[in-house]
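Student: Pasting the sequence and the predicted model now:
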Amino acid sequence: MEAGSYIRLKYGTPELSRKFVHFCACSIVLFWPLFDASHWGWRLNVTVPVVMSLRLLYKGAILKDPEDEDVRAMSRTSSPSELLYGPLQMTLVMCYVGLNKFMTLTGVAIMASLIGDGVAAITGIQYGRHRYKVPLGGQKSMEGSIGCVLGTMGGIWFFSHMCGIEVVGWMMLSAYGCVAALVEATALNNWDNVLLAVAMEMSSRHLPNIIR
């Protein structure tokens, strides 16, 4: 959080600081191999997400201080209520994945799609030239959508390797990436994290039956 605040102060770009925190949060997957799946203690992998969820609830719903470092690091407009949307959804998704999809391809795919979402935002801001907008969704760019595909594919490949999970083939990686990009482009504002998690879970169930 402190690093995110520093990035916002140094570069004056709220989206950059938000996505920095976003990437760090997704990387919690890298700590999974440190937990023994045969012992109940593996459930402690959600300790940080649970604490962060409570912290976001407190600062977004009770404290409501626009000058708070978390608000400055994770909001676009310095509005404390923003913590209750994307950031809180993110930590709740992390809790769900940590408890229900621990050390599985589905869990890796969900967290990788959030990496793709972050890559899409940064790529769109820095290099987006070909803009488009779909009903209910926000303005996107073709460059950002391509970044989402590649970010999701790279995230699944990297997280799978680091966690000792069997890496799926390139066709399957591409399919996951395309699903993530489609959802990221069409998701309702402020609901992309939840919708990406749902889409990746459904993809994990059905894509193996389609792509063999």
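Tutor: It's in.

Student: burial count for the residue lying closest to Q139 once chain neighbours are set aside?
Tutor: Leaving aside its chain neighbours, Q139 sits nearest to K133 (4.8 Å; criterion: C-beta to C-beta, 6 or more residues apart in numbering). (Each C-beta comes from the backbone N, C-alpha and C, glycine too.) By other C-beta atoms under 10 Å, 10 other residues sit near K133.

Student: State the distance from K133 to I210.
Tutor: 29 Å (C-beta to C-beta, to the nearest Å).

Student: again, but for V149
Tutor: 18 Å.

Student: cool, and S174?
Tutor: With C-beta to C-beta as the criterion, S174 and I210 are 12 Å apart.

Student: Which of the two has more residues huddled nearby?
Tutor: With neighbours defined as other C-beta under 10 Å, S174 and I210 compare such that S174 has more, 16 against 10.

Student: List phi and psi for the more buried one.
Tutor: phi -60, psi -40 (degrees, to the nearest 10).

Student: which one is it nearest to, not counting chain neighbours?
Tutor: Excluding its sequence neighbours, the residue lying closest to S174 (C-beta to C-beta, 6+ apart) is M153, at 6.6 Å.

Student: For burial, what's the neighbour tally of the one you found?
Tutor: 23.

Student: One more: A37?
Tutor: With neighbours defined by other C-beta under 10 Å, the count for A37 comes to 10.

Student: Equivalent analysis for the one 3 residues further on, please.
Tutor: For W40, the neighbour count with other C-beta under 10 Å is 7.

Student: Please report the distance of it from F102.
Tutor: Distance of W40 to F102, given as C-beta to C-beta: 12 Å.
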